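Colleague: okay, here's the prediction I keep looking at, along with the sequence it came from:
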Amino acid sequence: MEPDIATQNDRGTDSESGLSLRWSARLSLTTRILVVNVLAIALLAGGLFYLNNYRDRLTEERLTQARMQLTIIADALSSGEQQKRDALIRQFSDHLNARLRIYSPDGTKTVDSFSLAKPTYEFVDPDAEPLRKDVARILDRIIESFVFSAEVPNFAEPSRDIASEWPELLAAGNTTDAVSSVSLAPDRTPVIAAGKPLQDGTGSILLTANARDITRIVRAERSSVLLVILVAATVSILLSLFLARTIVRPIRKLARAAVRVRMGRSDEIAIPRMPGRRDEIGQLSRALSDMSAALRHRIDATEAFAADVSHEIKNPLASLRSALEGLERVDDPDLQKQLLDVANDDVRRIDRLINDISDASRVDAELARAKFEPIDIGKMLEQLLAAREQRTSNLGVHIAFARPAKDVAKVMGDGGRLERVFSNLLDNAVSFSPDGGLVEILATPDGEEIVIHIADQGPGVQPDQREEVFQRFHSDRPDGEAFGKHSGLGLAIAKTIIEGHQGKIHILDRAGGESGACFEIRLPKAP
């Protein structure tokens, strides 16, 4: 059963990203994408607060307008006769769509515009309206609760229509200015009321109006905002799901494939490369595929290396066992000495194999940790040749080195490892060169690379064997050299080091058709 990928490595730290949010640590990518986009829509919903303020401003403007209108009406009525008053009240009522009432000083109603002419407004019974109006009122209440709108009292006609039953007239009795207020009709539309004493002291005047247009305006704007929010939310959710589909599903696919690679041993199990994707997911898939292929190659190489090591060590061990068993049955001192010499040679061979195998197995790991520095190849080879002269390591073979100018042949690398490569190649060239032969070394820049040639005058390497000589434990030594003096790892180690420096090494024919082998090394030039 495949393990749950989401629960693996669940204890990752926030240090992987400075912007990591602890609250989202357990949320899937799909949920995070949806949350982020929905939060953006929630910010858009803040427009409802603006509409609430917009309604309050409209209402406040109507209250101010009602006070101004009532002041003008009171001034116009204060000097007129009763008939003129009635005519003015009808005109003002019809023009303002309002109800005007005049009360005498004792509080009784003396004039009512609704008695003089047709009423200019009527309160609507909510129960008689269609369902959509009920939905609109319910939505009004929900939104007003959501935006913390101030509560507005309900409007109700007093049972006795006298001045003392109207708060506006009571408040206006203590001042000469008009006083206004707002309340809600049964259908939750604003009712504007304003009261003011008449200047001639003959009573007071009251104006009431049902400002249904404010509700219509606000509802229309609110419907527009809600429609925009709904459309934006739908598009955002669909885009979020699409984004999650194009990001999350491929990542899950890659994660499952990685788990199968980790748990399986078949070479056919691989990370999908997703060649059709040119974005970061595609780059990730190809990087993971290359990484898994490299790991598989490394594992296969390690297994093959272990098998080769086992095979190479068995040979000297078998010889050593045979020599030791022969010592028990042989009494001749000369034969015993020969068997002891064989055993000593086998022990030294095993020791050399173990040292070379240990060195070869550490090369990749050490190169991965190595800190590359600018290396002057000319200066390195010059110092290496001087050290060989002091140790008389050239065995009568002459070495000619065309040293390049200072800093002309510089590469980035590990000086100790590169010196090991050139030392191995020089040992190989000297061992195959005839007595008094010449080994030529050349280091020159070639575009963005530094090319190093090490050519000898030995028998050379056949074209069909030029790849085999770099294989582990491959040993093809000069005639007359004692068997077992070399482990066959020198050129394999040299190739590993050069490739670890992003370079190449191969064998060429010598220029001019001369006999011998020419090892060519190409390394990237230091910036």
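Modeller: Nice, thanks for sending it over.
Colleague: from here on, contacts and neighbour counts on C-alpha atoms
Modeller: OK.
Colleague: ok so residue 150 is a helix residue?
Modeller: No. Read with DSSP: H, G, I helix; E, B strand; the rest coil, residue 150 is coil and lies in no helix.
Colleague: dihedrals phi and psi, it?
Modeller: phi -70, psi 140 (degrees, to the nearest 10).
Colleague: quick one: it and residue 228, what's the gap?
Modeller: According to C-alpha to C-alpha, to the nearest Å, residue 150 stands 26 Å off from residue 228.
Colleague: looking at those two, which is more packed in?
Modeller: Legend: neighbour count by other C-alpha atoms under 10 Å for residue 150 and residue 228, higher for residue 228 (15 against 10).
Colleague: wait, what's in contact with residue 162?
Modeller: The neighbours of residue 162, taking C-alpha atoms under 8 Å, 6 or more residues apart in numbering as the test, are 103, 107, 108, 109.
Colleague: now the two most distant members of these.
Modeller: The distance between the two most remote of the contacts of residue 162 (C-alpha to C-alpha) is 6.5 Å, for 107 and 109.
Colleague: which residues do the two both contact?
Modeller: 162, 163.
Colleague: and residue 399, how many neighbours does it have?
Modeller: Around residue 399 there are 19 residues (other C-alpha under 10 Å).
Colleague: and residue 402, how many residues sit next to it?
Modeller: 12.
Colleague: surely residue 257 meets residue 273?
Modeller: No. Look at residue 257 against residue 273 with C-alpha atoms under 8 Å: they stay out of range, at 10.8 Å.
Colleague: shared neighbours, these two?
Modeller: In contact with both residue 257 and residue 273: no residue, using C-alpha under 8 Å, 6+ apart.
Colleague: which non-adjacent residue is nearest residue 90?
Modeller: Once flanking residues are discounted, residue 90 sits nearest to residue 113: 5.8 Å by C-alpha to C-alpha, 6 or more residues apart in numbering.
Colleague: what is the neighbour count of the one you found?
Modeller: Residue 113: 24 neighbours (other C-alpha under 10 Å).
Colleague: cool, and the one 5 residues further on?
Modeller: Counted with other C-alpha under 10 Å, the neighbours of residue 118 add up to 11.
Colleague: same check on the one 3 residues further on?
Modeller: Residue neighbour count, defined by other C-alpha under 10 Å, stands at 16 for residue 121.
Colleague: all strands of the stretch 151-300 of the chain, in order?
Modeller: 179-184, 190-197, 204-210 (DSSP state E, counting those that start in this stretch).
Colleague: do the same with the chain
Modeller: 99-103, 109-112, 179-184, 190-197, 204-210, 373-376, 398-402, 410-413, 438-446, 449-455, 504-509, 517-524 (DSSP state E).
Colleague: out of those, which is the most enclosed?
Modeller: strand 190-197 (a mean of 27; mean count of other C-alpha atoms under 10 Å).
Colleague: quick one, what contacts the closest residue in space to residue 274 that isn't next to it in sequence?
Modeller: Leaving aside its sequence neighbours, residue 274 sits nearest to residue 282 (C-alpha to C-alpha, 6+ apart; 5.7 Å). Contact analysis of residue 282 by C-alpha under 8 Å, 6+ apart lists 273, 274, 275, 276.
Colleague: for the residue nearest to residue 90, give me the pLDDT.
Modeller: In this prediction, residue 113 carries a pLDDT score of 91.
Colleague: just residue 266 next, same as before
Modeller: For residue 266, pLDDT reads 55.
Colleague: swap in residue 67?
Modeller: If you check residue 67, the pLDDT there is 91.
Colleague: which residues does the residue nearest to it when sequence neighbours are not counted contact?
Modeller: Excluding the flanking residues, the one nearest residue 67 by C-alpha to C-alpha, 6+ apart is residue 178, at 5.3 Å. By C-alpha under 8 Å, 6+ apart, the residues touching residue 178 are 67, 68, 70, 71, 172, 194, 195, 196, 197.
Colleague: quick one: neighbours of the second one, just the number.
Modeller: The burial metric for residue 68, expressed as a neighbour count using other C-alpha under 10 Å, is 15.
Colleague: swap in the one 4 residues further on?
Modeller: Residues within reach of residue 72, counting by other C-alpha under 10 Å, total 11.
Colleague: hey, where'd the helices end up in the protein?
Modeller: Under the criterion DSSP state H, helices of the chain are mapped to 29-44, 47-78, 82-96, 113-116, 131-146, 167-172, 212-263, 280-329, 333-369, 377-391, 415-432, 490-500.
Colleague: just these: most buried one?
Modeller: Comparing the helices of the chain by mean neighbour count (mean count of other C-alpha under 10 Å), helix 490-500 comes out on top with a mean of 21.
Colleague: any idea how far that one is from the chain center?
Modeller: Centroid displacement of helix 490-500 relative to its chain, using C-alpha atoms, centre = their mean, to the nearest Å, is 38 Å.
Colleague: okay, the angle between it and strand 504-509?
Modeller: 130 degrees (axes from the mean of the first three to the mean of the last three C-alpha atoms, to 10 degrees).
Colleague: elements contacting helix 490-500?
Modeller: Applying 3 or more C-alpha pairs under 8 Å, 6 or more residues apart in numbering; DSSP states H and E, we find helix 490-500 packed against helix 333-369, helix 415-432, strand 504-509.
Colleague: quick one: residue 234 and residue 35, what's the gap?
Modeller: With distances taken as C-alpha to C-alpha, residue 234 is found 13 Å from residue 35.
Colleague: an error on my part: the question was meant for residue 367.
Modeller: 46 Å.
Colleague: cool, and residue 326?
Modeller: Noted for residue 326: a distance of 82 Å to residue 35, by C-alpha to C-alpha.
Colleague: any idea of the mean pLDDT in stretch 351-366?
Modeller: For stretch 351-366, the mean per-residue pLDDT is 71.
Colleague: from now on call the first residue 14
Modeller: Understood, numbering begins at 14; the last thing we discussed is stretch 364-379.
Colleague: that older thread, quick one, phi/psi of the residue nearest to residue 80?
Modeller: The phi/psi pair for residue 191 (degrees, to the nearest 10) is phi -80, psi 150.
Colleague: that one and residue 468: what is the separation?
Modeller: In terms of C-alpha to C-alpha, residue 191 sits 113 Å off from residue 468.
Colleague: kindly report the same for residue 91.
Modeller: Taking C-alpha to C-alpha as the measure, residue 91 falls 125 Å from residue 468.
Colleague: hang on, the earlier thing: nearest to residue 455 among the helices of the chain would be which one?
Modeller: Once the helices of the chain are compared by C-alpha to C-alpha, helix 390-404 is nearest, at 9.0 Å.
Colleague: which residues touch the closest one?
Modeller: 407, 414, 416-419, 422-424, 432, 435-436, 456.
Colleague: how about a cut-off of 10 Å?
Modeller: 405-408, 412-425, 428-429, 431-433, 435-436, 439-440, 454-457, 463-465 (C-alpha atoms under 10 Å, 6 or more residues apart in numbering).
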